[in-house]
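Novice: make a model of this:
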Amino acid sequence: MKKVLFVAMALLVAGAFTSCKPKQSAYKAVMERAQQREIANAANETPKDEIIPVIVDEADVRPEKVTAAQGEDANNLKRYSVVIGSFQNVTNARALRNRMSDQGYNAILAQNEQGMYRVIVTSFDDKVDAVRSRESIKSMFAPQFQDAWILERTY
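Specialist: Numbering: from 1, shown residues only. Have a look, this model is predicted:
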């Protein structure tokens, strides 16, 4: 009885060690998929001088009454703005604004009537320009800011 139990345990242990062995083909398949994604991403990149086509009528535009947050320049806040972040905590909003300022954007904070802080990276008088800017930011910073939206400032 003890021999049978010992042999069974030995077979289980041996089976456990052999079944956990990584397979070369699994690594190869993952590597091939990664290479295919890189090739696809390289083919989908838009050259910097190419104009991005935009569909303005279907753009995600949300009207909202906002004012420049304390310490912000209200002159940089136009009718249509690209919002990349929305925060209740002003510290978090300032951190994102500072990060985008370091990237070369003239980012500003705006506050709505409910007290939410909107991080705005670009602002325009024309809706088409705002949509183009949003699409450019989404493609430049992918996968971040894929939920960027257009704020239409109401007074």
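Novice: lowest average confidence, helix or strand, in this structure?
Specialist: helix 24-44 (a mean of 68; mean pLDDT, DSSP states H and E).
Novice: quickly list what N112 is bridged to.
Specialist: Per DSSP bridges, the residues bridged to N112 are V66.
Novice: ok, the one 5 residues further on next?
Specialist: Note on Y117: beta-bridge partners F87, Q111, judged by DSSP bridges.
Novice: and it, how far from Q111?
Specialist: According to Cβ to Cβ, to the nearest Å, Y117 and Q111 sit 6 Å apart. Where C-beta positions appear, they are placed from N, C-alpha and C, glycine not excepted.
Novice: what is in contact with those two at once?
Specialist: A69 (Cβ atoms under 8 Å, 6 or more residues apart in numbering).
Novice: quick one: which of these two has more around it?
Specialist: Using other Cβ atoms under 10 Å as the criterion, Y117 and Q111 rank with Y117 on top: 23 against 17.
Novice: from N92, how far off is that one?
Specialist: 8 Å.
Novice: that'll do, ta.
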